[in-house]
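Trainee: Fold the following and give me the result.
(one chain, ligands or ions: 1)
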Amino acid sequence: MQILHPFAGSVQQYAEAISDPDRFRPDHCPQCQAKQPLTGHGFYRRTLVDPAFDGVIRVRRYLCRLCQRTVSLLPQFALPWLRFSLRVISLFLVARLLQGLTLAAAARAASQPAMPYQRGQFWIRRFRRQAPALGVALGPLAPPVTAPDFVARALAMLESIGWIAAHRFLFSELRAHLLGWPPFLAPQGWRTTLVPARPAPRGSPHSICLEPARPPALGLGRERKNLHG
Ligand SMILES: [Zn+2]
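Mentor: Residues are numbered from 1 along each chain as shown. Coordinates of the predicted model:
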């Protein structure tokens, strides 16, 4: 199971912060609700591309001694199963879909050196599919928006709320992926539609994702090999 790590600094600062297992240790198990702090259980590694970083980051794992399941603390600047950070993805989508830049110019606006714009086309397809549901799901967090279509509306809401805050809300409260779960993670029973929910109370220490059971072959430890963009 993944929960979001509420870290707000740079990728480099994140790397230093997670060296201390006590600093963000969950004080209970989000899976069995055992009321005892979880035990440090090492890390897994995944790649990440951010405007100022391109490399491998560590993601801290904890173990619940009671139910023997692990919890990993995915940094909130990353989206599950995507190699590029939320910052790069949001810069690209805004540049292309809101500001109307060409694909190549949007790629340059999102990262230096410019990311492959073909990657951005993949995000655009996913975002277009997801936009109507995003507009509904993010309703409780954003002021009313007037926009010509679903894509513009969802983008305006994300800009108003903040992409990371929106991602935290979607992932923690609705088990939803900002760009939609990729098809291989949407088997029968996987929640694929978004519904509105109430936002988490301000100041809650961790955002909890009650992620449905994932097929064993797609375990978190293999995430590095399976990032799709
Ligand atoms: Zn547990």
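Trainee: wait, doesn't Met157 sit right on Ala142?
Mentor: Yes. Met157 is in contact with Ala142 according to CB atoms under 8 Å; the separation is 4.2 Å. In short, each C-beta sits where N, CA and C put it, glycine included.
Trainee: Which residue comes closest to Leu79 once chain neighbours are left out?
Mentor: The spatial neighbour of Leu79 that comes closest, neighbours along the chain excluded (CB to CB, 6 or more residues apart in numbering), is Leu86 at 5.5 Å.
Trainee: oh sorry, the question was meant for Gln2
Mentor: Per CB to CB, 6+ apart, closest to Gln2 is Leu74, 4.7 Å.
Trainee: Who does that neighbour form a beta bridge with?
Mentor: Beta bridges link Leu74 to Leu4 when assigned by DSSP bridges.
Trainee: if I look at it, how far off is the ion?
Mentor: Leu74 sits 18 Å away from the ion, going by CB to the ion, to the nearest Å.
Trainee: dump the residue contacts of the residue positioned nearest the centre of the chain.
Mentor: For the chain, the residue nearest the mean C-alpha position is Leu79 (2.9 Å; CA atoms, centre = their mean). Leu79 sits next to 85-86, 89, 167, 177-179 when contact means CB atoms under 8 Å, 6 or more residues apart in numbering.
Trainee: Which two among these are spaced furthest apart?
Mentor: Ser85 and His177 (14.5 Å; CB to CB).
Trainee: Which one's more surrounded, the two?
Mentor: Ser85 (25 against 21; other CB atoms under 10 Å).
Trainee: got the contact list for the closest residue to the more buried one other than its chain neighbours?
Mentor: Once flanking residues are discounted, Ser85 sits nearest to Asp50: 4.1 Å by CB to CB, 6+ apart. Asp50 makes contact with 11, 77, 84-85, 87-88, 111, according to CB under 8 Å, 6+ apart.
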